[in-house]
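In: give me the fold of what follows.
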Amino acid sequence: ERLFLTFSVPTWTRKVVRAIQKERKVYLWDSPRIEDPAARFENMVAIELKRAVSSWSELGHGRFGLHFVKNKEQQEVDFLLSRDDRPILLLEAKLTNPEPGKSLRKHQAALGVPAVQLTNEGATYREYPNDEHRILSAPAWAWLSKLP
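Out: Just a heads-up that it's a prediction; the model follows:
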(Lines give C-alpha, C1' and ligand atoms only; values in the text may rest on other atoms or scores of the structure.)
Protein backbone atom coordinates (compact mmCIF):
# COMPACT_ATOMS: atom_id res chain seq x y z
CA GLU A 1 0.00 0.00 0.00
CA ARG A 2 2.88 2.38 0.71
CA LEU A 3 4.11 1.94 -2.85
CA PHE A 4 0.58 2.38 -4.30
CA LEU A 5 0.51 -1.13 -5.74
CA THR A 6 -2.45 -2.26 -3.63
CA PHE A 7 -5.19 -0.93 -1.41
CA SER A 8 -7.19 -2.76 1.23
CA VAL A 9 -10.85 -2.69 2.16
CA PRO A 10 -11.91 -3.38 5.78
CA THR A 11 -15.00 -5.26 6.92
CA TRP A 12 -18.17 -3.54 8.08
CA THR A 13 -19.22 -4.93 11.43
CA ARG A 14 -22.07 -2.76 12.75
CA LYS A 15 -25.50 -4.45 12.70
CA VAL A 16 -24.01 -7.58 11.12
CA VAL A 17 -24.68 -10.66 13.23
CA ARG A 18 -21.52 -12.72 13.77
CA ALA A 19 -19.45 -10.36 11.60
CA ILE A 20 -15.83 -11.11 10.77
CA GLN A 21 -13.88 -8.42 12.64
CA LYS A 22 -10.29 -8.20 11.46
CA GLU A 23 -10.26 -9.41 7.87
CA ARG A 24 -9.34 -7.14 4.94
CA LYS A 25 -9.65 -7.61 1.20
CA VAL A 26 -6.71 -6.49 -0.91
CA TYR A 27 -7.04 -5.11 -4.43
CA LEU A 28 -4.44 -4.19 -7.04
CA TRP A 29 -4.32 -0.78 -8.67
CA ASP A 30 -3.14 -2.57 -11.84
CA SER A 31 -6.15 -4.75 -12.77
CA PRO A 32 -4.77 -6.24 -16.03
CA ARG A 33 -2.31 -8.30 -13.97
CA ILE A 34 -5.20 -10.37 -12.60
CA GLU A 35 -5.77 -13.45 -14.75
CA ASP A 36 -9.13 -14.67 -13.40
CA PRO A 37 -11.92 -12.71 -15.19
CA ALA A 38 -14.25 -12.65 -12.16
CA ALA A 39 -11.50 -11.42 -9.82
CA ARG A 40 -10.39 -8.83 -12.41
CA PHE A 41 -13.98 -7.55 -12.69
CA GLU A 42 -14.39 -7.25 -8.90
CA ASN A 43 -11.01 -5.48 -8.72
CA MET A 44 -12.07 -2.99 -11.41
CA VAL A 45 -15.29 -2.22 -9.52
CA ALA A 46 -13.26 -1.77 -6.31
CA ILE A 47 -10.98 0.76 -8.02
CA GLU A 48 -13.93 2.81 -9.29
CA LEU A 49 -15.65 2.77 -5.89
CA LYS A 50 -12.41 3.70 -4.09
CA ARG A 51 -11.96 6.62 -6.49
CA ALA A 52 -15.54 7.79 -5.91
CA VAL A 53 -15.50 7.64 -2.09
CA SER A 54 -12.11 9.37 -1.97
CA SER A 55 -13.37 12.11 -4.26
CA TRP A 56 -16.59 12.67 -2.29
CA SER A 57 -14.67 12.86 0.99
CA GLU A 58 -12.07 15.26 -0.42
CA LEU A 59 -14.79 17.51 -1.86
CA GLY A 60 -16.32 17.83 1.62
CA HIS A 61 -19.55 15.90 1.01
CA GLY A 62 -19.01 13.85 4.19
CA ARG A 63 -16.73 11.07 5.44
CA PHE A 64 -17.22 8.26 2.95
CA GLY A 65 -15.82 4.78 3.32
CA LEU A 66 -15.50 1.60 1.30
CA HIS A 67 -15.98 -1.71 3.13
CA PHE A 68 -17.14 -5.26 2.56
CA VAL A 69 -19.51 -7.38 4.64
CA LYS A 70 -18.80 -10.92 5.78
CA ASN A 71 -20.09 -13.02 8.63
CA LYS A 72 -18.78 -16.20 10.24
CA GLU A 73 -21.07 -18.27 8.01
CA GLN A 74 -18.99 -16.96 5.05
CA GLN A 75 -21.92 -14.95 3.67
CA GLU A 76 -20.23 -12.05 1.93
CA VAL A 77 -21.19 -8.92 0.02
CA ASP A 78 -18.35 -7.45 -2.02
CA PHE A 79 -18.81 -3.78 -1.10
CA LEU A 80 -20.58 -1.48 1.32
CA LEU A 81 -20.43 2.29 0.96
CA SER A 82 -20.72 4.32 4.13
CA ARG A 83 -21.21 8.00 4.85
CA ASP A 84 -20.35 9.44 8.25
CA ASP A 85 -20.05 5.92 9.73
CA ARG A 86 -23.50 4.78 8.51
CA PRO A 87 -24.10 2.29 5.70
CA ILE A 88 -25.69 3.80 2.59
CA LEU A 89 -25.37 1.16 -0.17
CA LEU A 90 -24.49 -2.51 -0.68
CA LEU A 91 -22.88 -3.59 -3.96
CA GLU A 92 -22.16 -7.03 -5.36
CA ALA A 93 -19.97 -7.56 -8.46
CA LYS A 94 -20.87 -10.58 -10.60
CA LEU A 95 -19.34 -11.40 -13.94
CA THR A 96 -22.52 -12.70 -15.60
CA ASN A 97 -25.35 -13.53 -13.18
CA PRO A 98 -27.87 -10.67 -12.78
CA GLU A 99 -29.90 -12.58 -10.15
CA PRO A 100 -29.07 -11.34 -6.61
CA GLY A 101 -27.62 -13.98 -4.31
CA LYS A 102 -28.65 -15.03 -0.81
CA SER A 103 -25.85 -13.07 0.87
CA LEU A 104 -26.86 -9.78 -0.73
CA ARG A 105 -30.51 -10.37 0.14
CA LYS A 106 -29.72 -11.27 3.77
CA HIS A 107 -27.37 -8.35 4.43
CA GLN A 108 -29.71 -5.86 2.75
CA ALA A 109 -32.56 -7.01 4.99
CA ALA A 110 -30.34 -6.73 8.09
CA LEU A 111 -28.89 -3.30 7.27
CA GLY A 112 -31.95 -1.78 5.59
CA VAL A 113 -30.02 -0.02 2.82
CA PRO A 114 -30.36 -0.03 -0.98
CA ALA A 115 -28.51 -2.77 -2.86
CA VAL A 116 -27.09 -3.03 -6.38
CA GLN A 117 -25.73 -6.04 -8.22
CA LEU A 118 -23.30 -5.00 -10.94
CA THR A 119 -22.70 -7.33 -13.88
CA ASN A 120 -20.07 -7.30 -16.58
CA GLU A 121 -22.54 -8.30 -19.28
CA GLY A 122 -25.83 -6.92 -20.49
CA ALA A 123 -27.24 -3.51 -21.16
CA THR A 124 -30.48 -3.42 -19.17
CA TYR A 125 -31.42 -2.54 -15.61
CA ARG A 126 -33.64 -4.92 -13.64
CA GLU A 127 -35.23 -4.79 -10.20
CA TYR A 128 -35.67 -7.80 -7.93
CA PRO A 129 -37.90 -7.83 -4.84
CA ASN A 130 -36.37 -8.55 -1.43
CA ASP A 131 -39.20 -8.44 1.12
CA GLU A 132 -39.86 -4.71 1.64
CA HIS A 133 -36.68 -3.75 -0.25
CA ARG A 134 -35.65 -3.95 -3.88
CA ILE A 135 -32.31 -4.90 -5.44
CA LEU A 136 -31.19 -3.21 -8.65
CA SER A 137 -29.25 -5.31 -11.16
CA ALA A 138 -27.28 -3.10 -13.54
CA PRO A 139 -24.50 -3.33 -16.10
CA ALA A 140 -21.35 -2.08 -14.39
CA TRP A 141 -20.28 0.10 -17.32
CA ALA A 142 -23.55 2.05 -17.17
CA TRP A 143 -23.93 2.30 -13.40
CA LEU A 144 -20.29 3.18 -12.63
CA SER A 145 -20.18 5.79 -15.41
CA LYS A 146 -22.81 7.79 -13.51
CA LEU A 147 -20.63 8.14 -10.41
CA PRO A 148 -19.21 11.67 -10.10
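In: after the lengthiest helix in the chain, which helix or strand is next?
Out: Longest helix in the chain, counting residues (DSSP state H): helix 37-58. Next in sequence after helix 37-58, counting helices and strands by DSSP states H and E, comes strand 64-70.
In: what pLDDT, on average, does the helix or strand following that next one get?
Out: Heading C-terminal from strand 64-70, the first helix or strand you meet, by DSSP H and E, is strand 76-83. Across strand 76-83, pLDDT averages out at 96.
In: pairing partners for whichever helix or strand comes after strand 76-83, with directions?
Out: Using DSSP H and E, the next helix or strand after strand 76-83 towards the C-terminus is strand 86-94. According to DSSP bridges, strand 86-94 forms sheet pairs with strand 76-83 (antiparallel), strand 115-119 (parallel).
In: contacts for the last one, please.
Out: By CB atoms under 8 Å, 6 or more residues apart in numbering, the residues outside strand 115-119 that reach it are 45, 77, 89-101, 104, 107-108, 130, 133, 135-140, 143-144. All C-beta spots, glycine's among them, are computed from the backbone N, C-alpha and C.
In: any of the residues you listed buried? List them.
Out: 45, 77, 89-95, 98, 100, 104, 107-108, 135-140, 143-144 (16 or more other CB atoms under 10 Å).
In: contacts only, for the closest residue in space to Arg105 that isn't next to it in sequence.
Out: Using CB to CB, 6 or more residues apart in numbering and skipping residues adjacent in sequence, the residue nearest Arg105 is Asn130, 5.0 Å away. Residues near Asn130 by CB under 8 Å, 6+ apart: Pro100, Arg105, Gln108, Ala109, Ala115.
In: ok, what's across the strand from Asn130?
Out: His133.
In: ok, now how distant is it from Trp56?
Out: From Asn130 over to Trp56 the distance is 26 Å, taken as CB to CB, to the nearest Å.
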